[in-house]
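*Asks:* My questions are about this predicted structure, shown below with the sequence.
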Amino acid sequence: MGQEFRIARDSLGEVRVPADAYYGAQTERARHNFPISGLRLQPRFIRAQGIIKRAAAIANRDVGELDPSLAAAIIAAAEEVIEGKFNDQFVVDVYQAGAGTSQNMNANEVIANRACELLGGERGDTSLVHPNDHVNMAQSTNDTIHVAMNIAAIEAITHDLLPNLLHLEEALFKKANEWDGIVKSGRTHLQDAVPMRLGQEFGGYANALKMRREMLQQVSERLLVIGLGGNAVGTGINAHPDYSEKAIAEVARFTGLPFRKPDNYFTFVQNPDTAVEVSGQLRALATTLMKIANDIRLLSSGPRTGLAEIRLPAVQPGSSIMPGKVNPVLPEMMNMICYQVFGCDVTVASAGSASQLELNVMMPVIAYNLLHAIQILGTGVRAFTDKCIVGMQANEERCRYYAEMSTSVATALNPLIGYDRAAEIAKKAYAENKTVREIAKAEGLTEEQLANYLNLRRLTGK
């Protein structure tokens with residue numbers, strides 16, 4: 001038996017829509033016009049669209065523009081969208097009509113048809129609940145898509161990414177404390193350097209992440225500015241004078257986040273600048289995470305022919321041909337995520353620069369890449385922390401061996417014998433495969449001098 005259809009109508013005429021679909025004519029046209037990638041805007045974005053439509057119905061009801069019975073049905077339908085009940089009905093490709101008109105209409109049609117059902121009608125009965133006249137009342141694609149992006153991004157950052165970053169930060173600080181007494185060789189230019197402590201190294205990672213987390217939190221707060229009510233170009237056409245303030249207040253109340261109106265609605269509609277800024281911070285965060293992941297791969301390299309100063313949890317076999325091989329798969333995963341975030345930022349920045357006159361029409365691809373970066377960073381950091389960082393172990397014996405064998409230990413002798421003589425001792429130690437301590441003793445330095453100047457723990461500072 002073939003698929004059944006119903007006839008839906010829009011301003012261009014009739015369209016055959018699957019009978020069981022909650023979307024309507026405009027969504028169906030977009031579905032056929034843009035069979036591009038199979039990618040859809042994320043569930044958090046769909047949730048944000050539901051939040052907007054719910055707030056709009058409440059505000060329009062409260063200012064006397066929307067019949068209370070219609071408002072109640074739209075609110076109930078929007079709440080089901082917020083809960084994710086109709087995610088499968090959002091079928092428009094990410095690469096769609098500019099500005100996201102199809103995405104906005106997808107939400108309008110799903111909510112209108114569900115509201116029709118709640119009022120006892122049938123899907124497609126636009127005389128009962130109209131997707132434009134009722135669900136989209138006092139709104140435009142040009143403000144709602146931008147606002148949905150902001151809501152989705154700040155919710156994802158607040159509830160997913162920042163807590164997971166803090167979790168990693170705390171795990172790194174814990175390792176820094178645990179390993180504070182382990183002396184090792186520092187390395188600069190990938191060459192031996194003066195001694196340091198393994199705890200100091202990991203404390204550096206933890207603090208770098210802390211700085212990135214705080215900066216991301218600070219910049220992302222600008223996402224709380226939403227121009228709901230600016231409508232098509234920022235003038236608020238067809239919206240009640242009190243609509244914007246009431247709608248934004250309802251979004252804030254529902255989400256528990258302090259959303260507020262912009263100082264200038266025209267600026268908000270014209271420019272996705274905050275998304276560009278936040279994306280830049282995500283790129284910077286990825287840069288820091290990349291450094292940490294790369295260092296962990298180097299420090300755990302081996303187990304016999306690498307540095308092997310730390311041991312990673314063995315979470316899966318590492319080779320299809322080499323038995324017993326275990327690879328640093330979690331840091332490798334983190335690397336790949338960071339590369340993808342770099343790519344997302346290039347897209348966001350490039351699309352963000354495409355604003356023209358009263359609007360940036362590249363909003364769907366900006367929103368998708370911004371949310372994708374947030375999502376993979378959040379989930380990736382959590383897995384990296386729980387499956388790698390928490391279970392890492394230090395190889396104290398290997399760390400101590402490298403610290404003693406480093407020729408750069410000779411640096412500590414500079415104040416006693418001068419740079420040139422210390423350099424000769426370092427070169428001789430390397431040539432004879434001995435420690436600086438051994439050569440210095442053979443060169444006539446006393447035990448007291450060696451104990452004083454080559455105390456490796458003291459050389460690492462406080």
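*Replies:* On my side now, so go ahead.
*Asks:* and the end-to-end length of stretch 449-462?
*Replies:* 21 Å (Cα to Cα, to the nearest Å).
*Asks:* what does that stretch contact?
*Replies:* Stretch 449-462 is contacted from outside by 181, 183, 194-197, 200, 403-404, 409, 412-413, 415-416, 436-437, 440-441, 445, using Cβ atoms under 8 Å, 6 or more residues apart in numbering. For glycine as for every other residue, the C-beta is placed from the backbone atoms N, C-alpha and C.
*Asks:* repeat for stretch 63-71
*Replies:* For stretch 63-71, contacts defined as Cβ under 8 Å, 6+ apart pick out 57-58, 60-61, 74, 115, 119, 129, 134, 137-138, 240, 242-243, 246.
*Asks:* hmm, 7 Å instead?
*Replies:* 57, 58, 60, 61, 129, 134, 137, 240, 242, 243, 246 (Cβ atoms under 7 Å, 6 or more residues apart in numbering).
*Asks:* What distance do you get for the third one to residue 436?
*Replies:* Going back to what we said before, that points to residue 60. Distance, residue 60 to residue 436, using Cβ to Cβ, to the nearest Å: 79 Å.
*Asks:* can you check the second one too?
*Replies:* Taken as Cβ to Cβ, the spacing of residue 58 relative to residue 436 amounts to 75 Å.
*Asks:* Next: the first one.
*Replies:* As for residue 57, its distance to residue 436 is 76 Å (criterion: Cβ to Cβ).
*Asks:* With neighbour numbers in mind, choose between these two.
*Replies:* Shown here are residue 57 and residue 436; by other Cβ atoms under 10 Å, residue 57 has more neighbours (29 against 25).
*Asks:* out of everything not next to it in sequence, what's closest to the more buried one?
*Replies:* Take residue 57 and drop its neighbours on the chain: the residue closest to it by Cβ to Cβ, 6 or more residues apart in numbering is residue 74, 4.2 Å away.
*Asks:* continuing past the strand or helix carrying that neighbour, what's the next helix or strand?
*Replies:* Element membership of residue 74, judged by DSSP states H and E, is helix 68-82. Using DSSP H and E, the helix or strand that follows helix 68-82 towards the C-terminus is helix 101-118.
*Asks:* Could you list the domains of the protein?
*Replies:* 21-137, 143-234+273-397, 406-459 (automatic domain parsing).
*Asks:* most neighbours per residue, which of these?
*Replies:* Mean neighbour count (mean count of other Cβ atoms under 10 Å) peaks for domain 21-137 among those, with a mean of 21.
*Asks:* Now do that domain: distance from first to last residue.
*Replies:* 23 Å.
*Asks:* mean confidence score for it?
*Replies:* Throughout domain 21-137, pLDDT has a mean value of 97.
*Asks:* okay, residue 2: pLDDT?
*Replies:* For residue 2, the pLDDT comes out at 72.
*Asks:* scratch that, residue 455 is what I was asking about
*Replies:* Among the per-residue scores, residue 455 holds a pLDDT of 95.
*Asks:* Quick check: the gap between it and residue 461.
*Replies:* To residue 461, residue 455 is 12 Å away according to Cβ to Cβ.
*Asks:* And the furthest pair within the contacts of stretch 63-71?
*Replies:* 129 and 242 (23.2 Å; Cβ to Cβ).
*Asks:* wait, what's in contact with the most centrally placed residue in the chain?
*Replies:* The centroid of the chain falls nearest to residue 374 when counting by Cα atoms, centre = their mean (1.9 Å). For residue 374, the contact set (Cβ under 7 Å, 6+ apart) comprises 153, 156, 157, 161, 282.
*Asks:* change it to 10 Å
*Replies:* By Cβ atoms under 10 Å, 6 or more residues apart in numbering, the contact set of residue 374 is 42, 44, 152-157, 160-161, 216, 220, 278-279, 282, 341, 344.
*Asks:* Any figure for the gap between it and residue 48?
*Replies:* 13 Å.
*Asks:* Likewise for residue 435?
*Replies:* Separation of residue 435 from residue 48 (Cβ to Cβ): 62 Å.
*Asks:* Which elements pack onto the longest helix seen in the chain?
*Replies:* Longest helix of the chain, by residue count under DSSP state H: helix 273-299. With contacts defined as 3 or more Cβ pairs under 10 Å, 6 or more residues apart in numbering; DSSP states H and E, the packing partners of helix 273-299 are helix 141-156, helix 162-178, strand 183-188, helix 198-220, strand 310-311, helix 329-352, helix 363-384.
*Asks:* now do 7 Å
*Replies:* helix 198-220, helix 329-352, helix 363-384 (3 or more Cβ pairs under 7 Å, 6 or more residues apart in numbering; DSSP states H and E).
*Asks:* Excluding sequence neighbours, find me the nearest residue to residue 313.
*Replies:* Leaving out its chain neighbours, the residue that sits closest to residue 313 by Cβ to Cβ, 6+ apart is residue 391, at 3.7 Å.
*Asks:* Need the three-state assignment for the one you found.
*Replies:* coil (DSSP: H, G, I helix; E, B strand; the rest coil).
*Asks:* Settle this for me: it is touching residue 315, isn't it.
*Replies:* No: counting by Cβ atoms under 7 Å, residue 391 does not reach residue 315; the two are 8.8 Å apart.
*Asks:* sorry, back to before: kindly export the helix holding residue 74 (C-alpha atoms) in PDB.
*Replies:* Extracted as PDB, the C-alpha positions of helix 68-82 are listed here (Å, rounded to 0.1, in the frame of the first residue of the first chain):
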ATOM      1  CA  PRO A  68      -7.000  32.900  24.700                       C
ATOM      2  CA  SER A  69      -8.400  29.500  23.400                       C
ATOM      3  CA  LEU A  70      -6.100  29.700  20.300                       C
ATOM      4  CA  ALA A  71      -3.200  30.800  22.500                       C
ATOM      5  CA  ALA A  72      -3.800  27.800  24.900                       C
ATOM      6  CA  ALA A  73      -3.600  25.300  22.100                       C
ATOM      7  CA  ILE A  74      -0.500  27.000  20.600                       C
ATOM      8  CA  ILE A  75       1.200  27.100  24.000                       C
ATOM      9  CA  ALA A  76       0.400  23.400  24.600                       C
ATOM     10  CA  ALA A  77       1.700  22.400  21.100                       C
ATOM     11  CA  ALA A  78       4.800  24.500  21.500                       C
ATOM     12  CA  GLU A  79       5.500  22.800  24.800                       C
ATOM     13  CA  GLU A  80       5.400  19.400  23.100                       C
ATOM     14  CA  VAL A  81       7.900  20.700  20.600                       C
ATOM     15  CA  ILE A  82      10.100  21.900  23.500                       C
END
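*Asks:* Quick one: distance of it to the chain centre.
*Replies:* 31 Å (Cα atoms, centre = their mean, to the nearest Å).
*Asks:* same question, stretch 331-348
*Replies:* Chain-centre distance of stretch 331-348: 10 Å, with Cα atoms, centre = their mean.
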